[in-house]
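# Below are the sequence and a predicted model; questions follow.
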Protein chains: 2
Amino acid sequence: MKTTALIMAGGRGERFWPKSRKNLPKQFLSLTNDGKTMIQLTVERILPLVEMDDIYISTNENYRDLVKTQLPNLPEQNIICEPVGRNTAPCIGLGAIHVLSKYDDALMIVLPSDHLIKQKTLFLNTLRNACQVAQENSNLVTIGITPDYPETGYGYIRFDEEISIGQAYRAAEFVEKPDLETAKTYFESGQYLWNSGMFVWKISSILNKMETLMPETYLGLRKIQEAFGTAQEESVLQTEFAKMRSISIDYGILEHADDIYTVPGSFGWDDVGSWLALERINPTNEFGNVLSGTLITVDTKNCILQGGTKLIATVGVQDLIVVDTPDAILICQKENAEDIKKVLENLRICDQTDYI
Amino acid sequence: MKTTALIMAGGRGERFWPKSRKNLPKQFLSLTNDGKTMIQLTVERILPLVEMDDIYISTNENYRDLVKTQLPNLPEQNIICEPVGRNTAPCIGLGAIHVLSKYDDALMIVLPSDHLIKQKTLFLNTLRNACQVAQENSNLVTIGITPDYPETGYGYIRFDEEISIGQAYRAAEFVEKPDLETAKTYFESGQYLWNSGMFVWKISSILNKMETLMPETYLGLRKIQEAFGTAQEESVLQTEFAKMRSISIDYGILEHADDIYTVPGSFGWDDVGSWLALERINPTNEFGNVLSGTLITVDTKNCILQGGTKLIATVGVQDLIVVDTPDAILICQKENAEDIKKVLENLRICDQTDYI
């Protein structure tokens, strides 16, 4: 059975403002020092497992040219543009019917486009194990990450050690981002994994589940599929996709099915969820600073400083995120990193959309 | 007797980096919202008391053109360029012999070029009182500022309430910048004034004191004066001025004379000594922020934000000074404002003098 991949690249990456912008969001930025963008790294990482012709990028019309430029070897018809954002369930459904129009059935690996993974071989092995379970047993398989610490920014998967198929364990429960106290109990119990947002299933398996659990969305997807190659293709997509309920695959499917399995993995995964990730993925200096650009630091500790073309001089500061871009500068206390979206809200209110 | 003024404008204003630069120091910047530079405000302020033709600007060759541009009505020969910086005593001495070459004797008001004064009429009245004492009694007269709070960044003058001439009291003691404890006792005693660095005396009085207390400097000044108008004028100035001891007028003269008088004044004086002054001279918003430029502030308190052409967004920060300029950005915790000079030291060490 063919192995295909759907890489989801429609996000806005607001927590990486001001580098991540509406017209150039995080997945199209390079946040590592190899010069490669997040989406380029994502594609490169799975090429040993999936042929380029079988990689699909789900995004929207605004980013079509970015995808073409950054992934010149990707077949143009593999860029799937959603007419509107409807969260991951419709996105994955749309990807599935695209694959279905090419293959009778196939394995589909679903991946975010903006995560980082250090140990690529371990990652591929985990995916191979997941593919095996998904193919042989028709299960929906998620990739769970063995937690390193009680992170409060991720969802968790409780797995059942008693019930396993191959390298996969039954996913007993999906839980939302916990508070610190809860995260600590999860972490200490050893029964929880981080929900990485990476999934493996057969096209037939996920569409069957959609038919049962999200029948209206499934119906819409079928209509879209039937219109493929006709003069109505675009208008049907527009109409049907817009009607779909905006819901994540977790809420829409995974939390309601009882035959979900999870393959635990540990391969240096990072969701690069906010500027704070730069401390995890880059080396810090003797004062705990992550530095790039032309900088003078005086009594500066545990800061993330991302210079642009200007000199940045810091004096007596700690736990700051500073990001300079050609038209905007962010200065944010680390513990308030989530509030960067409030800057964007304010910019919208003030109608200063050029900065968004 | 003619009243003249010597405005000292040779400083580098390093504590106002990155706006204040070697090529455009603080006295030539506008830090108020009237668009006028510090030196323009200084000249404008004393025009009711001193004719433009009798105002002298002491600076150095680098700033001659700035003075000419910013003070187009000032006679060009009134720009006195020191060949090297030798602190205020030689600076004042050089100013004095320039005045002496024009008038047999005259009153000389000595003023820094980079202070701000809110109540101009009260200021002029204080100067008039000082002029009267200086003229009638040949005393050296300093302007003392009634303290508003126990500032540790100023020198203090202890005055003797029992001994007065006109509006002036005998200056019993000059003391250096005190620690907070000492400043509090000074403040509470009511016997101390801030040393404003503004002085009034007759040319004859100050030169007589120099002859007694700084005889070598005095000799050098006389040689310079004798060379005025000759072919050797420039070379004598270079040689003699360079030989002079670098010393402040306070150390060189005032602390060693026993007939110094001080006129207390209270006229909204601010030495604008660092970025922190912006909180005193500008209105703060409801969160204690002093703002200029295009800004988005989220959970931002008691900050001084000086934007440039870019948007500055701050999130969760307090007590920060942020200054954006075309080529450099400063981010400094308020309590470390004195350490801005360490940035300049580092820039010198790294030979990045373009930023200085």
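Perfect, I can see it now.
# ok, which stretches of the stretch 201-350 of chain A are helices?
Chain-ordered helices for the stretch 201-350 of chain A, with DSSP state H, counting those that start in this stretch as the definition, fall at A:203-213, A:215-227, A:233-243, A:249-252, A:277-281, A:340-349.
# Of those helices, which stretch is the most buried?
Highest mean neighbour count of these: helix A:249-252, a mean of 21 (counted as mean count of other CB atoms under 10 Å in any protein chain shown). Glycine gets a C-beta too; all of them are placed from N, C-alpha and C.
# how far does it sit from the chain's center?
Using CA atoms, centre = their mean, to the nearest Å, the mean C-alpha position of helix A:249-252 is found 15 Å from that of the whole chain.
# Remind me what that helix packs against, helices and strands.
Helix A:249-252 is packed against helix A:88-100, with contacts defined by 3 or more CB pairs under 8 Å, 6 or more residues apart in numbering or on different chains; DSSP states H and E.
# Give me the contact list for the helix it packs on.
Taking contacts as CB atoms under 8 Å, 6 or more residues apart in numbering or on different chains, the residues outside helix A:88-100 that touch it are A:4, A:6, A:8, A:10, A:56, A:58, A:78, A:80, A:82, A:106, A:108, A:110, A:197, A:199, A:203, A:206-207, A:210, A:214, A:217-218, A:220-222, A:224-225, A:228, A:241, A:244-253.
# do that again at 6 Å, thanks
The set of residues that contact helix A:88-100 without belonging to it, under CB atoms under 6 Å, 6 or more residues apart in numbering or on different chains, is A:4, A:6, A:8, A:56, A:58, A:80, A:106, A:108, A:110, A:203, A:206-207, A:210, A:217, A:221, A:225, A:244, A:247-249, A:252.
# I'd like the helices of the stretch 201-350 of chain A as JSON lines, with distance to B:Gly166 appended.
Shown next, in JSON lines, are the helices of the stretch 201-350 of chain A (distance: least, CB to CB, whole Å):
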{"stretch": "helix A:203-213", "distance to B:Gly166": "95"}
{"stretch": "helix A:215-227", "distance to B:Gly166": "92"}
{"stretch": "helix A:233-243", "distance to B:Gly166": "86"}
{"stretch": "helix A:249-252", "distance to B:Gly166": "85"}
{"stretch": "helix A:277-281", "distance to B:Gly166": "66"}
{"stretch": "helix A:340-349", "distance to B:Gly166": "58"}
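# Of those, which shows the lowest average pLDDT?
Least confident of the helices of the stretch 201-350 of chain A, judged by mean pLDDT, is helix A:277-281 with a mean of 90.
# just checking, what packs against it?
Using 3 or more CB pairs under 6 Å, 6 or more residues apart in numbering or on different chains; DSSP states H and E as the contact definition, the elements that helix A:277-281 packs against are strand A:269-270.
# Can you tell me the strand partners of the strand it packs on and which way each runs?
For strand A:269-270, the paired strands and their directions (DSSP bridges) are strand A:116-117 (antiparallel).
# what about the strand it pairs with, distance to the chain center?
That offset, for strand A:116-117, works out to 11 Å (CA atoms, centre = their mean).
# which is the next helix or strand following that strand?
Towards the C-terminus, the helix or strand next in line after strand A:116-117, according to DSSP states H and E, is helix A:120-137.
# Also compute the angle for that following helix relative to helix A:203-213, please.
Computed by axes from the mean of the first three to the mean of the last three CA atoms, to 10 degrees, the angle separating helix A:120-137 from helix A:203-213 equals 70 degrees.
# residues of helix A:120-137 that come out buried?
By 16 or more other CB atoms under 10 Å in any protein chain shown, the buried positions in helix A:120-137 come out as A:Phe123, A:Leu124, A:Asn125, A:Thr126, A:Leu127, A:Asn129, A:Ala130, A:Cys131, A:Gln132, A:Val133, A:Ala134, A:Gln135.
# got a list of contacts for it?
Applying CB under 6 Å, 6+ apart, the contact partners of helix A:120-137 are A:1, A:45, A:48-49, A:107, A:117, A:139, A:141, A:165-168, A:200-202, A:261, A:263, A:265, A:267.
# now do stretch A:238-253
By CB under 6 Å, 6+ apart, the surrounding residues in contact with stretch A:238-253 are A:83-84, A:86-90, A:92, A:174, A:209, A:213-214, A:217, A:220, A:223-224.
# who's in contact with A:Leu330?
For A:Leu330, the set of contacting residues under the criterion of CB under 6 Å, 6+ apart consists of A:Pro18, A:Val323, B:Ala313.
# and the second one, how many neighbours?
Residues near A:Val323, counting by other CB atoms under 10 Å in any protein chain shown, number 26.
# and it, what is it in contact with?
A:Pro18, A:Lys19, A:Gln306, A:Leu330 are the contacts of A:Val323 under CB under 6 Å, 6+ apart.
# Ramachandran angles for A:Thr32?
Comment: the main-chain dihedrals of A:Thr32 come out as phi -110, psi 170, following degrees, to the nearest 10.
# Give me the domain ranges for chain A.
Taking automatic domain parsing as the domain assignment, the ranges for chain A are A:3-270, A:277-355.
# Between the two ends of the last one, what distance do you get?
Domain A:277-355 stretches 23 Å from its first residue to its last (CA to CA, to the nearest Å).
# re the thing from before, please flag which of the contacts of A:Val323 sit within strands.
With strands defined by DSSP state E, the entries of those inside them are A:Gln306, A:Leu330.
# just curious, which of the contacts of A:Val323 is nearest to chain B?
A:Leu330 (5.1 Å; CB to the nearest CB).
# Show me what the nearest residue to the closest one once chain neighbours are set aside bridges to in the sheet.
In this structure, A:Leu330 finds its nearest non-sequential neighbour in A:Val323, 4.4 Å apart by CB to CB, 6 or more residues apart in numbering or on different chains. Beta-bridge pairing for A:Val323 (DSSP bridges): A:Gln306, A:Leu330.
# quick one: A:Ile39 from A:Asp354, how far?
Separation of A:Ile39 from A:Asp354 (CB to CB, to the nearest Å) stands at 24 Å.
# out of these two, which sits in the busier spot?
It is A:Ile39, of A:Ile39 and A:Asp354, that has more neighbours when counted by other CB under 10 Å, with 26 against 11.
# Am I right that the more buried one sits in a helix?
Yes: in this structure, A:Ile39 lies within a helix as judged by DSSP: H, G, I helix; E, B strand; the rest coil.
# Test my guess that it contacts A:Leu111.
No: counting by CB atoms under 6 Å, A:Leu111 is not a contact partner of A:Ile39; they are 10.1 Å apart.
# burial measure for the nearest residue to A:Pro75 once chain neighbours are set aside, as a count.
Nearest-residue entry for A:Pro75: A:Asp53, 5.7 Å, with adjacent residues in sequence omitted and distances by CB to CB, 6+ apart. A:Asp53 is flanked by 14 other residues according to other CB under 10 Å.
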